[in-house]
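# My questions are about this predicted structure, shown below with the sequence.
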Amino acid sequence: MRRRDFRDPRLTHLTPGVYMRNYEGTINNPPPTTRSPTPVTSEFVKRMQSTTYHHITTVHMGHLDAMNNDRLADKEAIEKRLKSFEQQLASLVTQAATVEKIGEPEVLVPSEKIDEQAEPGSDEFEVLDSSDKQRFENLVLSLDSAESSLDESRKQNTVLESDNLALKRRNEELEREKDDLKIRCKTC
């Protein structure tokens, strides 16, 4: 049996690849009978280009903006932590400075109360009592703890600075990708 051809006889002049590009008419408005493909400047193609550009600008650029906003939020959080660490560092430095001002007290200090039997111009010294020694030991311990916390905060500060630099580099890369996408969308 002969195979029936159900195709529209008006479209037999078109090659398979040209049909989708050329035929935008209706049944009452058939395409022209010429075999040469029309240039791709129709309203359909322009509409597709505009929707593609709109899709790229709204979806991809929005995704990039969201990523960029997340990076900026991370950067702001890191900067806040850096500021708090700097404040802690400044307070620790002031504490260390006050402890250093006290210095290492001598074991013998001039007596504030001059003995009645001693002469007015004599240089008498009295030995520190246990409470003064305990106070001195507490000051030394607080100085050691302040120095250790200062070192830890410096280490954390260096780590945060390196993270901040990495985030800045990533932010610059995202900005470059965004500019490249804008250029590509304009050339679409």
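Great, that's in hand.
# What mean pLDDT does whatever helix or strand residue 133 lives in get?
Element membership of residue 133 [criterion: DSSP states H and E] is helix 130-187. Over the span of helix 130-187, the pLDDT mean works out to 84.
# on contacts alone, who are the packing partners of it?
Judged by 3 or more C-beta pairs under 8 Å, 6 or more residues apart in numbering; DSSP states H and E, helix 130-187 is in contact with helix 61-102. (Each C-beta comes from the backbone N, C-alpha and C, glycine too.)
# by how many degrees do the helix it packs on and helix 130-187 diverge?
Compare the direction of helix 61-102 with that of helix 130-187 by axes from the mean of the first three to the mean of the last three C-alpha atoms, to 10 degrees and you get 160 degrees.
# Check which helices and strands helix 61-102 sits against.
helix 130-187.
# For residue 148, the count of nearby residues, please.
Neighbourhood size, residue 148 [other C-beta atoms under 10 Å]: 11.
# actually residue 132, sorry about that
Count around residue 132 with other C-beta under 10 Å applied: 13.
# That one and residue 167, how far apart?
51 Å (C-beta to C-beta, to the nearest Å).
# Then residue 86?
For residue 86, the distance to residue 167 equals 18 Å [C-beta to C-beta].
# So which of these two has more stuff around it?
Taking neighbours as other C-beta under 10 Å, residue 86 and residue 167 compare with residue 167 leading, 16 against 13.
# So the more buried one is in contact with residue 74, correct?
Yes - under the criterion of C-beta atoms under 8 Å, residue 167 makes contact with residue 74 at 6.2 Å.
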